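> this one's sequence-less:
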């Protein structure tokens with residue numbers, strides 16, 4: 001800690017800060033355009049000029065490190081005049097289109113011009129214009145508004161790992177752009193919209209839709225992957241207009257993926273909002289829920305019923321279904337996403353927190369995991385660690401396109417287990433010689449019938465300091481594992497008279513598994529289906545944005561998805577539907593989970609809370625496949641039901657396939 005003086009007042013601050021960071025640390029605001037906390041220092045906007053004692057001219061505070069007993073002045077007449085001149089230069093060629101700009105009301109240039117700028121301009125010549133750039137279906141560009149702060153350039157090269165944008169030409173002719181007009185091929189490209197301090201980069205789906213003061217905001221979480229990034233959902237009446245990140249340093253920081261930001265249009269595309277029952281060869285609309293509930297109550301009481309779910313179902317509904325299977329012997333619960341069989345309720349606490357990625361580690365191992373597609377946020381954290389530290393990355397399985405160097409080793413699960421047990425001289429010595437190695441898994445092991453907790457326990461036995469991360473495909477995969485719902489059981493399907501398909505993806509695997517002319521198929525879903533002629537009853541379900549739901553992310557951290565607007569038509573929550581049919585109550589430990597949701601600090605001590613509730617059992621033998629390991633996600637933009645129903649994500653997928661090469 002060192003002592004500095006700001007405007008005649010002494011402060012005690014850290015020694016490794018810049019002048020701008022030191023002023024921010026003590027609560028003094030200095031205007032800026034190019035500086036951002038997550039990016040490197042550029043120092044090219046000159047808006048953050050301050051006076052320093054014994055300095056002949058104002059200096060850029062973002063690029064000047066503090067020294068002991070330094071005297072800083074941030075509001076002298078010279079500093080105010082310098083900021084006024086900087087703003088006048090930035091506005092020379094800036095168009096006067098604030099009334100039609102999507103950044104209006106949230107524009108840093110507007111705010112700082114009003115606070116620090118002048119009332120008139122001395123420039124009477126024609127303004128210079130710049131041609132707009134094409135960045136794909138997500139980002140809209142109006143490059144005449146650009147002030148060349150280079151935030152988007154630094155974000156692409158430092159965090160996204162895509163050298164897409166750069167500074168072209170020199171002097172007064174310089175501009176931001178790319179040599180080729182093509183798709184901004186990055187999973188987190190939409191974050192340049194938040195970084196841009198003016199309206200040069202805006203969201204194309206949000207263009208001319210609304211103003212920020214007309215929107216209502218709801219805190220929620222991203223349900224397109226297992227990380228559970230924190231987000232704000234901005235909606236107007238009954239329509240979502242945009243999604244922006246909520247800062248959470250422990251999970252997503254200040255960025256979110258493009259799926260989280262732009263897939264919200266699936267909420268209104270092909271939505272199922274009415275009840276349809278099959279009579280003969282045609283479907284008849286049913287407007288009365290009580291009639292349907294009475295029919296389903298009779299079926300669940302007298303017939304054998306198989307509930308088929310996937311890993312996207314919320315944690316509360318999974319727990320209720322598990323209790324139903326215990327209480328009612330004629331009902332079986334199956335998970336279509338799993339091939340493992342488990343009847344235990346457990347929390348393993350073997351998986352590390354995302355915050356542990358900041359630990360001092362020099363090696364990382366991907367076990368069949370394509371981290372760039374499965375969790376783009378964690379991939380950006382690893383890339384930053386790779387660029388700043390002595391960090392080596394190895395991948396087991398098929399090679400994938402990564403934005404940092406990965407050494408690929410094509411091995412199967414048996415070979416990997418030998419590696420953990422130190423039976424491989426070269427690789428085992430490499431893995432065991434470093435402290436805190438990072439090991440990443442994904443859902444491909446579970447789909448092969450392998451109990452991941454068994455391998456995780458094996459790693460803990462031989463490498464106690466390892467940081468293990470399980471990158472799941474779905475938002476509640478950990479909740480499914482904790483509840484202990486079994487994988488898809490063919491015997492249960494054969495014995496069932498009725499099959500209840502709960503919120504499943506409409507794909508060929510679902511069609512092949514469920515369609516049977518001898519069995520009645522009831523389709524509970526938020527969206528319509530292609531094989532509608534094979535279903536006997538359509539029941540609309542409320543989406544995750546139309547109800548309050550609890551999910552467990554990859555850290556087994558409980559998070560709540562809040563209700564944004566009312567349900568559509570006759571759709572109802574599946575959780576409420578279960579309570580109408582069955583006499584079931586939630587266990588008492590859900591009060592602890594909600595306590596953690598509303599008090600995040602309790603998550604650090606959650607092992608003490610759950611140690612009396614859950615138990616674990618790892619003594620399970622697995623039949624292990626010898627095929628090479630492979631990631632479960634091939635197309636980032638169409639990886640689950642919500643993204644496949646999104647028109648924007650379909651356009652991104654088409655653009656991505658144009659740039660894809662297999663060599």
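Noted; the coordinates are in hand. Fair warning: this is a prediction, and the values are worked out from it, not measured in the lab.

> which parts of stretch 71-87 are buried?
72-74, 79, 82-83, 86-87 (16 or more other Cβ atoms under 10 Å). C-beta: built from backbone N, CA, C; applies to glycine.

> Assign residue 394 to helix, strand or coil.
Taken by DSSP: H, G, I helix; E, B strand; the rest coil, the conformation at residue 394 corresponds to strand.

> Quick check: it touching residue 411?
No: Residue 394 is beyond contact range of residue 411, at 10.5 Å (criterion: Cβ atoms under 8 Å).

> so residue 650 is in which element?
Assigned by DSSP states H and E, residue 650 belongs to helix 647-659.

> so how far is that helix from its chain's centroid?
19 Å (Cα atoms, centre = their mean, to the nearest Å).

> and that helix, what does it pack onto?
Helix 647-659 is packed against helix 258-262, with contacts defined by 3 or more Cβ pairs under 8 Å, 6 or more residues apart in numbering; DSSP states H and E.

> Can you list the helices and strands that the helix it packs on packs against?
The contact analysis (3+ Cβ pairs under 8 Å, 6+ apart) places helix 258-262 against strand 239-245, helix 647-659.

> Show residues contacting that helix.
Applying Cβ atoms under 8 Å, 6 or more residues apart in numbering, the contact partners of helix 258-262 are 138, 186-190, 203, 205, 222, 224-225, 229, 231, 242-245, 636-637, 639, 643, 646, 648-649, 652.

> for stretch 646-657, same thing?
136-138, 183, 185, 205, 258-259, 262-266, 269, 635-638, 643-644.

> Could I have the buried ones of these as PyMOL selection syntax?
The following PyMOL line selects those of the contacts of stretch 646-657 that are buried, judged by 16+ other Cβ under 10 Å:
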select buried, resi 136+137+138+183+185+205+258+259+262+263+264+265+266+636+637+638+643+644
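
> Can you flag which of the buried residues of stretch 71-87 belong to helices?
79, 82-83, 86-87 (DSSP state H).

> Could you identify the most distant pair in the residues you listed?
79 and 87 (12.9 Å; Cβ to Cβ).

> which of the ones in helices among the buried residues of stretch 71-87 lies closest to residue 57?
For these, the nearest to residue 57 is residue 82 (8.9 Å; Cβ to Cβ).

> Quick check: that closest one touching residue 58?
Yes: at 5.1 Å, residue 82 counts as touching residue 58 under the criterion of Cβ under 8 Å.

> can you list residues touching both of these two?
Common neighbours of residue 82 and residue 58 (Cβ under 8 Å, 6+ apart) are residue 49.

> Excluding sequence neighbours, find me the nearest residue to residue 582.
Leaving aside its chain neighbours, residue 582 sits nearest to residue 324 (5.3 Å; criterion: Cβ to Cβ, 6 or more residues apart in numbering).

> helices or strands up against the helix or strand hosting that neighbour?
In this assignment (DSSP H and E), residue 324 forms part of helix 315-327. Under the contact criterion of 3+ Cβ pairs under 8 Å, 6+ apart, helix 315-327 touches strand 305-309, strand 331-335, helix 477-483, strand 549-552, helix 574-581, helix 590-598.

> Low-confidence ranges, the protein, go.
Scanning the chain with the threshold set as pLDDT under 70 gives 338-351, 424-426, 449-451, 517, 604-628, 660-663.

> Which residue would you name as the spatial centre of it?
In the chain, the centroid-proximal residue (Cα atoms, centre = their mean) is residue 229; its distance is 4.6 Å.

> quick one, what contacts that one?
For residue 229, counting by Cβ under 8 Å, 6+ apart, the contacting residues are 221-222, 245, 248, 251-252, 256-257, 260, 377.

> What residues of the helix holding residue 324 count as buried?
315-325.

> for stretch 476-493, same thing?
For stretch 476-493, by 16+ other Cβ under 10 Å, it's 476-489, 492-493.

> residue ranges for the helices of the stretch 51-200 of the chain, please.
77-90, 108-116, 151-155, 191-195 (DSSP state H, counting those that start in this stretch).

> got the contact list for residue 182?
Neighbouring residues of residue 182 by Cβ under 8 Å, 6+ apart: 134, 136, 659.

> What is the nearest of these to residue 370?
residue 659 (16.8 Å).

> distance of the nearest residue to that closest one once chain neighbours are set aside from residue 161?
What sits nearest to residue 659 in space, not counting adjacent residues and going by Cβ to Cβ, 6+ apart, is residue 185, at 5.5 Å. Using Cβ to Cβ, to the nearest Å, we find residue 185 at a distance of 10 Å from residue 161.

> Check residue 99 too.
For residue 99 relative to residue 161 (Cβ to Cβ), the value is 37 Å.

> quick one: which of these two has more around it?
residue 161 (20 against 6; other Cβ atoms under 10 Å).

> residues in contact with that one?
Residue 161 sits in contact with 186, 380, 383, 403-404, where contact means Cβ under 8 Å, 6+ apart.

> Quick check: phi and psi at it.
The phi and psi values for residue 161, taken as degrees, to the nearest 10, are phi 70, psi 30.

> Equivalent analysis for residue 146, please.
Here residue 146 shows phi and psi, under degrees, to the nearest 10, equal to phi -70, psi 140.

> Was I right to think residue 39 contacts residue 153?
No: between residue 39 and residue 153 there is no contact under Cβ under 8 Å: 9.5 Å.

> Could you check which of those two has the larger neighbour count?
More neighbours surround residue 153 than the other of residue 39 and residue 153, with 21 against 18 (other Cβ under 10 Å).

> From residue 197, how far off is the more buried one?
14 Å.

> What residues does the residue nearest to residue 659 make contact with?
162, 164, 655-656, 659.

> go on, residue 297?
The contact partners of residue 297, by Cβ under 8 Å, 6+ apart, come to residue 581.

> so which helix or strand takes in it?
Short version, using DSSP H and E: residue 297 is in helix 289-302.

> how's the chain carved up into domains?
2-90, 275-337+480-586, 354-474 (automatic domain parsing).

> Export those domains to CSV and append columns for distance to residue 603.
What follows is the domains of the chain, written out as CSV (distance: least, Cβ to Cβ, whole Å):
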stretch, distance to residue 603
domain 2-90, 24
domain 275-337+480-586, 6
domain 354-474, 10
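
> okay, now residue 68: neighbour count?
If we define neighbours as other Cβ under 10 Å, then residue 68 has 9 of them.

> what does stretch 109-118 contact?
With Cβ under 8 Å, 6+ apart as the test, stretch 109-118 has contacts from 31, 33, 47, 80, 83-84, 87-88, 90-91, 94, 98, 104, 147, 197-198.

> Separate out the buried members of those.
Among these, those classed as buried by 16+ other Cβ under 10 Å are 31, 33, 47, 83, 87-88, 90-91, 94, 98, 147, 197-198.

> what's the farthest-apart pair in those?
83 and 98 (20.0 Å).
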